[in-house]
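Undergrad: Sequence plus predicted model, see below.
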2 protein chains.
Amino acid sequence: MEFKISKDLIQQLEELIAHKNDQQLELLLNDLHHADIAEILDELNFEEATYIFKVLDSEKTAEILLELEDDLRENILKRLSPKEIAEELDELETNDAADIIAELSKDRKEEVISELQDVEHAKDIVELLRYDEHTAGGIMHKELVKVNENWSVLTCVKEMRIQAENISRVHSIYVVDDEDRLKGRLSLKDLLTTSTRMPISDVYIKKLNSVKVDAEDVEVARMMQKYDLEAVPVVDEIGRLVGRITIDDIVDVIKDEADKDYQLAAGISHDVEADDSIIELTKARLPWLVLALLGGFISVTLLEGFQTAMEFHRELFFFTPLIAAMAGNVGVQSSAIIVQGLANDTITGSLWNRLVKEVSLSLLNGVILGAILLIGSHLLLGVGYQLGITVTVSLLSVIVIASLIGTFIPLMLNKFGIDPALATGPFITTSNDICGILIYFSIAKLILGF
Amino acid sequence: MEFKISKDLIQQLEELIAHKNDQQLELLLNDLHHADIAEILDELNFEEATYIFKVLDSEKTAEILLELEDDLRENILKRLSPKEIAEELDELETNDAADIIAELSKDRKEEVISELQDVEHAKDIVELLRYDEHTAGGIMHKELVKVNENWSVLTCVKEMRIQAENISRVHSIYVVDDEDRLKGRLSLKDLLTTSTRMPISDVYIKKLNSVKVDAEDVEVARMMQKYDLEAVPVVDEIGRLVGRITIDDIVDVIKDEADKDYQLAAGISHDVEADDSIIELTKARLPWLVLALLGGFISVTLLEGFQTAMEFHRELFFFTPLIAAMAGNVGVQSSAIIVQGLANDTITGSLWNRLVKEVSLSLLNGVILGAILLIGSHLLLGVGYQLGITVTVSLLSVIVIASLIGTFIPLMLNKFGIDPALATGPFITTSNDICGILIYFSIAKLILGF
């Protein structure tokens, strides 16, 4: 069902490249899907990949370019002249072409744009480059089929056939007025299943969802999922049809958003992959680790402050990692549920209700875990009555406080327009570690009196 | 652009329900999208929601049923007779109908199926119920348009118009032979843009991707994303066309998979939402917390074992939470990158290369963090030379070991066919806490000799 790269194939290709056997290379690769060829190129070194890239014709390589890993694409583009890049881009949809141009340096950008052959295409690309990449404008396509509301169905079918030539997926035919303002839509199916003699004004559906060009991409994704839309038209400030977003563009938005939240929860500050360079990976991992280390300094200072306890209650210090770890885990759970709820728009009810619920929930968890700790520490670790009570009461309090921190910090961030996913992972474990230790020793001081 | 629920609207509805003013209710709700009505019902109590549900007609309520939160749907279904449920299901696509039937108890399942009016529909539903929900069969639709390879294009268009009546999105027209075996496809666009006099055998595309009915849903999702497919036909063991999967079904698979990985990384053992009941939330959160607590017992035992150090090196104990926290954070980062890489199929190269890379990466991170710790602990915390060195060397070692554990445990789980995402979150932080403390005190014992 799916193509799988074999070591043999890679070896064979490397030999063909070494012998500059272009004919065999073409023969071997021409039948493969561009996504498969991209996967193969990612396995080769930059020189070999560029060699194959130049052997294949631009209709294929343009599509391959889109599928490559970022660093390989960057390297191949470096080895191409502005004219060669423009030839690739002429083969692509405007949206994809704009994405690639956006990756170039400012000087090369202009050179490449000036080399584009199709003026309409170039105009569309320049327009798309203006939009922020995380808005509807940044993910929309310029390719769409539109007809004028004043046309007859016959004109409409003729015109549609011409326009559809360059579009891989039609979905809907948009109906506009003389000013290009969006009025409604026709589905391909409707066009197929109604008589051609009908006037278009009688056929088209006037009610349709559309999005503003500056709407956030995640909002568009949420709306398309909720209303189960396959494509949605994009309009500008005065209602003119400027583009179209299809569900496959949304798949990327959803995946990127989920990946980002996952990485933040794991303490990775920007998008990396296991196969990125060590420098890239360090840049993504170090910031949160430094923060956690600084948090660690605070916990050391706190423990130093409580060192008088060491004279008579040294066992207290054996439980610090346990208390800190539980605080961290509870906090991460609470924050993750909130972050996911905010992302899926399923958080309802008042703050007060949420507070009551979170306290009840953490009390329930805390009592069960406290009971296990009290009994377990006595039976397994031989901990005495007084210390057992101290540790158990502390655990219960720490769990309640940690879950409140985990719940309300992301809610607050969200309120102030900051990404709530920042308050997951190392941020929440570190702050909860510190709070946990502080609460633990304060309670111990109260009960044991040192 | 998007409908937003207001408190006023909810209040208005509650009053109308209290006064049994069905006419006004219909008037108010009839123009809304079924997804919006579902959102409104989720805000009402079960009785009110059921009341509205019975006021609206089944064409609308069937779609609403699909969009409701699980517990509300369960409660509404409880209040409907098998005949009433069957009426709802007759309005739905087979796939959606099967999903709802699957939620019923065994007895009701049979009663509902026997009440279905459309025999073809019932047959399809019964077939779909056979497939595991995480396979291609479990997510596919039976609704599709297919034509025989021996037909003329004219017959094909006629036949297609009949079949398309009941299908919301056509995408592709599949071509089969007399035995119903999949031979190729025709796109709607091709049908619109080619002459009707052509024989169908000349028009259809013979090369197409298909999936086996027992393929895993995540594999289908990966393939459709990779090859940028909007719909893919599903075939049985002998190549007969049995269904079709569209990209919007895949959106759900991708989201579910991402949510599941996120929740595992946060120590939540099954799918919950912030608005679920406290019992549900506790069931999801407690298991990992108990595991972490048991891990905590081990760390207590370890520290007890090293308590002789307390005589002369009590400061060592101040650093335990710092070391444990760093071990946990590094482990979570490493495991998250691997889990995401495995999910996106971007992990390449040999185990040996990965080992070398992970060790280099963690050494680089470790040296930087170690330097900060050495200098910081001296300047900020006034830590002496010997202890500073001890803690720094420990941190460096702990980071290397923790990142190796974080990298190789998910890889191993994956190799044995176990979900690698299990080795994220509390699992990895707990095991790394323990390893971290053990390494730290062992190194301290070597350097300081106690």
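TA: Here it is on my side, so go on.
Undergrad: Under the pLDDT cut-off, which ranges of the stretch 1-150 of chain A? List them.
TA: By pLDDT under 70, the weakly predicted segments of the stretch 1-150 of chain A are A:1-2.
Undergrad: What ranges does it have for its strands?
TA: In the stretch 1-150 of chain A, the strands defined using DSSP state E, counting those that start in this stretch lie at A:145-148.
Undergrad: Looking at the record's assignment, how would you partition chain A?
TA: A:7-133, A:145-247, A:278-448 (automatic domain parsing).
Undergrad: end-to-end on the first one?
TA: When the termini of domain A:7-133 are compared using Cα to Cα, to the nearest Å, they are 37 Å apart.
Undergrad: Likewise for the last one?
TA: Length of domain A:278-448, first residue to last, Cα to Cα: 49 Å.
Undergrad: Highest mean neighbour count across the domains of chain A, which stretch is it?
TA: When you average the neighbours per residue for each of those (mean count of other Cβ atoms under 10 Å in any protein chain shown), domain A:278-448 leads with a mean of 20. Where you see a C-beta, it was placed from the backbone N, CA and C, and this is true even at glycine.
Undergrad: Tell me which residues touch the residue most central in space within chain A, please.
TA: For chain A, the residue whose C-alpha lies nearest the mean C-alpha position (Cα atoms, centre = their mean) is residue A:256; its distance is 1.7 Å. The contact partners of residue A:256, taken as Cβ atoms under 8 Å, 6 or more residues apart in numbering or on different chains, are residue A:271.
Undergrad: Helix or strand: which one has it?
TA: helix A:247-265 (DSSP states H and E).
Undergrad: So what's the gap between that helix and the chain middle?
TA: How far helix A:247-265 lies from its chain's middle: 3 Å, per Cα atoms, centre = their mean, to the nearest Å.
Undergrad: immediately after it, which helix or strand?
TA: By DSSP H and E, the next helix or strand past helix A:247-265 is helix A:278-305.
Undergrad: any idea of the mean pLDDT in that following helix?
TA: Averaged over helix A:278-305, pLDDT sits at 93.
Undergrad: what's the longest helix in chain A?
TA: In chain A, taking DSSP state H as the definition, the longest helix is helix A:385-415.
Undergrad: so what secondary structure elements neighbour it?
TA: When contacts are defined as 3 or more Cβ pairs under 8 Å, 6 or more residues apart in numbering or on different chains; DSSP states H and E, helix A:385-415 packs onto helix A:315-318, helix A:320-343, helix A:351-379, helix A:425-448.
Undergrad: if we go to 6 Å?
TA: Contacts defined by 3 or more Cβ pairs under 6 Å, 6 or more residues apart in numbering or on different chains; DSSP states H and E place helix A:385-415 against helix A:320-343, helix A:351-379, helix A:425-448.
Undergrad: So for that helix, mean pLDDT?
TA: 94.
Undergrad: Please report the distance of residue A:44 from residue A:52.
TA: Distance from residue A:44 to residue A:52, counting by Cβ to Cβ, to the nearest Å: 7 Å.
Undergrad: circling back: angle of the helix holding residue A:256 against helix A:425-448?
TA: 40 degrees (axes from the mean of the first three to the mean of the last three Cα atoms, to 10 degrees).
Undergrad: Could you list the alpha-carbon positions for helix A:247-265 in PDB?
TA: The C-alpha coordinates for helix A:247-265 follow below in PDB (Å, rounded to 0.1, in the frame of the first residue of the first chain):
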ATOM      1  CA  ILE A 247      -9.400  20.800   4.500                       C
ATOM      2  CA  ASP A 248      -6.000  19.500   3.600                       C
ATOM      3  CA  ASP A 249      -4.500  22.900   4.500                       C
ATOM      4  CA  ILE A 250      -6.200  22.600   7.800                       C
ATOM      5  CA  VAL A 251      -4.700  19.200   8.500                       C
ATOM      6  CA  ASP A 252      -1.300  20.900   8.600                       C
ATOM      7  CA  VAL A 253      -2.600  23.600  10.900                       C
ATOM      8  CA  ILE A 254      -4.000  21.000  13.300                       C
ATOM      9  CA  LYS A 255      -0.900  18.900  13.300                       C
ATOM     10  CA  ASP A 256       1.400  21.900  13.800                       C
ATOM     11  CA  GLU A 257      -0.700  23.200  16.700                       C
ATOM     12  CA  ALA A 258      -0.800  19.800  18.300                       C
ATOM     13  CA  ASP A 259       3.000  19.300  17.800                       C
ATOM     14  CA  LYS A 260       3.700  22.700  19.300                       C
ATOM     15  CA  ASP A 261       1.600  22.100  22.400                       C
ATOM     16  CA  TYR A 262       3.200  18.700  22.800                       C
ATOM     17  CA  GLN A 263       6.700  20.100  22.600                       C
ATOM     18  CA  LEU A 264       5.900  22.900  25.100                       C
ATOM     19  CA  ALA A 265       4.600  20.300  27.500                       C
END
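Undergrad: mind listing what's buried in that helix?
TA: Across helix A:247-265, burial judged by 16 or more other Cβ atoms under 10 Å in any protein chain shown covers A:247-251, A:253-255, A:257-259, A:261-265.
Undergrad: tell me the mean pLDDT for it?
TA: Regarding helix A:247-265, the rounded mean pLDDT is 89.
Undergrad: what's the answer for stretch A:197-209, then?
TA: Across stretch A:197-209, the average pLDDT comes to 82.
Undergrad: and it with chain B, contact?
TA: No - taking Cβ under 6 Å from any Cβ of the partner chain as the criterion, stretch A:197-209 and chain B are apart, separated by no less than 7.2 Å.
Undergrad: how about stretch A:66-77, does it reach chain B?
TA: No - judged by Cβ under 6 Å from any Cβ, stretch A:66-77 and chain B are separated, with a smallest distance of 8.1 Å.
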